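[1] model the structure of this input:
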Amino acid sequence: MHINTKITNSKTAFLNKSVIYQLFLRAFTQDGTFNSASKMLPYLRELGVDILYLCPCFSADDDENQEYWSPRQKLANTNNPKNPYRIKDYYSIDEEYGTEEDFANFVEKAHDYGFRVILDLVYFHCGPKAVFIDTHSDFVVRDEKGNIETGAWLFPKLNYESSELREYLWKNMCYYVEKFGIDGYRCDVGDAVPLDFWEEGRRRLEKIKPDIFMLNEGGNPASLKNAFDINYDFEWPEVLFNSMMSGRIHSCNDEKTKAEKEYTAKSVPEYWNKCVKRYSDEGADTFAVVRFADNHDYANDAYDNRKDAIAPPNVMTAMLAFCILLDGVPFIYNGVEIRDRARHSIFSGANYGRFCIDWSELLTGEGKKRFESIKRLIDIRHRYEETSEGETYWLKVSDEKSMCAFERRLGNYSTVVYANFTEKSLNAEIECGNALKIERLFINDSDCIYDKGILKCSILPYGCGAVRIKRD
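    All right, here's what the predicted structure looks like:
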């Protein structure tokens with residue numbers, strides 16, 4: 001079984017070396033505006049990320065009728081009617097974040113710093129007061145009595161049987177590229193929207209911007225053929241985190257599921273192989289996913305949803321090392337790079353509570369250490385070609401329940417990445433073959449020596465490391 005684990009489209013091959021940073025305006029700064037976010041661009045340049053992904057900044061529906069609020073919006077208890085994933089007008093910027101001119105200035109300044117900028121498209125549903133509902137009744141799904149049908153989050157579902165709706169949205173996709181120079185899109189619940197819609201949208205966008213790229217918040221292997229460059233993998237961070245936490249499941253309250261799932265370090269390569277097999281079995285040419293340890297869904301509302309709030313700091317650092325140096329495209333949620341543990345909420349806002357990153361963490365020892373660790377890992381991804389272009393191999397280790405190691409191999413060079421998945425110090429060995437030269441690239445509470453094809457590792461709880469090997 002062989003399948004590409006990198007982007008093979010020459011126009012978007014830059015993604016292989018790129019790191020995505022999810023910038024959620026409401027959480028990123030105290031006032032949550034484009035102008036404030038612009039002031040943070042030098043900081044992001046220092047961190048080393050390449051792509052800024054903005055959560056939805058289009059005009060959100062301000063309807064206060066809670067019949068059309070999602071359960072999570074109600075539970076947030078902020079009483080903010082504006083859910084950024086419940087769009088009122090796809091062609092306007094929400095005044096909460098600033099003006100169109102502010103948005104244009106942000107994009108221009110981001111480009112000046114060398115970033116690409118992508119927006120979040122929410123095309124499965126819209127707001128109950130969307131500007132087109134009264135004038136284009138067929139733009140939303142209706143039952144036989146003409147009543148609007150709502151989807152999983154109680155928002156009106158968009159009707160893809162309508163050719164006019166499709167044209168409206170295709171033009172919307174092109175609008176932000178033509179007017180503001182947007183570089184791509186993250187497509188919310190992309191698998192819930194017809195694939196042929198995305199394929200035609202991609203075709204039109206490429207006529208305007210040949211290197212446009214598309215990220216699907218979905219996992220359909222077929223979507224990578226003509227519509228998207230990258231898929232999501234929502235199970236990856238759960239498998240990784242639960243394996244790091246020595247089998248203690250924190251993301252599942254169901255006792256039966258807890259009893260059925262026994263996570264160890266071995267679960268990570270097993271899960272990776274399962275995913276590659278699924279993509280291959282379904283005829284995909286490429287297995288390309290974003291690798292994240294946190295995102296706005298996980299960080300939303302509850303303090304104890306933040307992995308850094310419930311786990312030792314080395315757990316997240318090791319998870320991020322795996323996400324940044326494994327195949328796929330690394331994805332960092334804003335604040336994780338400084339060990340932020342504050343409550344975030346997509347339902348906060350200027351007048352509805354302000355839950356945002358606790359930037360004071362950057363002044364603490366652990367916050368500084370995390371920032372420098374992520375900065376170094378990103379530099380490795382950029383600097384050493386095997387970490388972005390190489391094949392992935394899971395290596396044999398002496399204690400497969402307690403540690404995990406993979407190798408990214410290209411030509412005569414390999415980067416070996418390892419981690420201790422337990423709360424105890426560990427001495428273990430990794431079989432890595434003959435080497436002419438060994439270079440320590442990243443060491444976090446660990447050390448290793450090379451001896452006759454074996455990396456002998458001493459690793460503190462949840463420590464990790466990356467070593468570069470030159471072969472014959």
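[2] make it CA atoms for all contacts and neighbour counts henceforth
    Noted.
[3] just the strands from the stretch 251-400 of the chain, written as ranges.
    Assigned by DSSP state E, counting those that start in this stretch, the strands in the stretch 251-400 of the chain fall at 290-292, 329-333, 391-394.
[4] using CSV, lay out those together with distance to residue 67, mean pLDDT and mean neighbour count.
    Shown next, in CSV, are those (distance: least, CA to CA, whole Å; pLDDT from 0 to 100; neighbours: other CA atoms under 10 Å):
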stretch, distance to residue 67, mean pLDDT, mean neighbour count
strand 290-292, 33, 98, 25
strand 329-333, 31, 98, 24
strand 391-394, 48, 96, 17
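[5] select, out of the ones you listed, the one closest to residue 84.
    strand 329-333 (17.0 Å; CA to CA).
[6] what are the pairing partners of that closest one, and which direction each?
    Here strand 329-333 is paired, per DSSP bridges, with strand 20-23 (parallel), strand 290-292 (parallel).
[7] which one, of the ones you listed, ends up nearest to residue 128?
    strand 20-23 (26.4 Å).
[8] could I get the strands of the stretch 251-400 of the chain as CSV with distance to residue 200?
    Shown next, in CSV, are the strands of the stretch 251-400 of the chain (distance: least, CA to CA, whole Å):
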stretch, distance to residue 200
strand 290-292, 23
strand 329-333, 24
strand 391-394, 32
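[9] what stretches of the protein score poorly on pLDDT?
    Along the chain, the model assigns pLDDT under 70 to residues 1, 247-261, 302-304.
[10] the longest strand in it is where?
    Across the chain, the longest stretch assigned as strand under DSSP state E is strand 454-470.
[11] send the alpha carbons of it over as PDB?
    The C-alpha trace of strand 454-470 is given here as PDB (Å, rounded to 0.1, in the frame of the first residue of the first chain):
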ATOM      1  CA  ILE A 454      20.100   2.300  18.100                       C
ATOM      2  CA  LEU A 455      19.000   5.600  19.600                       C
ATOM      3  CA  LYS A 456      19.300   5.100  23.400                       C
ATOM      4  CA  CYS A 457      16.900   7.700  25.000                       C
ATOM      5  CA  SER A 458      16.500   9.000  28.500                       C
ATOM      6  CA  ILE A 459      13.200  10.900  28.700                       C
ATOM      7  CA  LEU A 460      11.500  12.700  31.500                       C
ATOM      8  CA  PRO A 461       7.700  12.600  31.800                       C
ATOM      9  CA  TYR A 462       6.100  13.600  28.500                       C
ATOM     10  CA  GLY A 463       9.500  14.700  27.200                       C
ATOM     11  CA  CYS A 464      10.200  14.600  23.400                       C
ATOM     12  CA  GLY A 465      12.900  15.200  20.900                       C
ATOM     13  CA  ALA A 466      14.000  15.300  17.300                       C
ATOM     14  CA  VAL A 467      17.200  14.000  15.900                       C
ATOM     15  CA  ARG A 468      18.600  14.300  12.300                       C
ATOM     16  CA  ILE A 469      20.400  11.300  10.900                       C
ATOM     17  CA  LYS A 470      22.700  11.300   7.800                       C
END
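[12] which strands or helices does it pack on?
    helix 313-325, strand 413-420, strand 426-431, strand 437-451 (3 or more CA pairs under 8 Å, 6 or more residues apart in numbering; DSSP states H and E).
[13] the ones you listed into a markdown table, with extra columns for distance to residue 43?
    Shown next, in a markdown table, are the helices and strands packed on strand 454-470 (distance: least, CA to CA, whole Å):
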| stretch | distance to residue 43 |
| --- | --- |
| helix 313-325 | 19 |
| strand 413-420 | 27 |
| strand 426-431 | 36 |
| strand 437-451 | 22 |
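[14] quick check: which of the ones you listed is buried the most?
    strand 413-420 (a mean of 27; mean count of other CA atoms under 10 Å).
[15] partners of that strand in the sheet?
    With DSSP bridges as the test, strand 413-420 pairs up with strand 403-410 (antiparallel), strand 454-470 (antiparallel).
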